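Q: Next input, structure requested:
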Amino acid sequence: MEKLQNRILQEGHALSETVLKVDSFLNHQVDPDLMYEIGTYFKNYFKEHKITKVFTIESSGIAPAVMTAMQMNLPMVILKKQASKILNGDVYQT
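A: As a prediction, the model looks like this:
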């Protein structure tokens, strides 16, 4: 996670006390190597738990979540901000 910390320090911009702009490697442009490293960290962190799914909200967490799910061989679920018009049945919504 040192690589993530360094990228935040080098490229992150605080827009307010609650908003950190990291669009050069996480939002609008994604660094796949960094996301893979984050996925590896989460895989190792949660390996002793009986995880069955990786959940993320519909946000900047999608890229690291998919890398985590891929490495753990688990499905990933995106918690939607609004109900989708194309989904039927069980829906997770934030």
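Q: Find the nearest non-adjacent residue to L26, please.
A: Spatially, and ignoring its direct neighbours in sequence, L26 is nearest to S60 (5.1 Å; CB to CB, 6 or more residues apart in numbering). All C-beta atoms are positioned from the backbone trio N, CA, C, and that covers glycine.
Q: now do P64
A: Nearest non-adjacent residue to P64, counting by CB to CB, 6+ apart: I38, 4.3 Å away.
Q: Test my guess that that neighbour contacts I62.
A: No: using CB atoms under 8 Å, I38 is not in contact with I62, being 11.9 Å away.
Q: any idea how far T68 is from Y36?
A: 10 Å (CB to CB, to the nearest Å).
Q: higher neighbour count, those two?
A: Looking at Y36 and T68 with other CB atoms under 10 Å, you find the greater number of neighbours at T68, namely 25 against 16.
Q: And the host helix or strand of that one, how far out from the chain middle?
A: Assigned by DSSP states H and E, T68 belongs to helix 62-72. The chain centre lies 7 Å from the centre of helix 62-72; the measure is CA atoms, centre = their mean, to the nearest Å.
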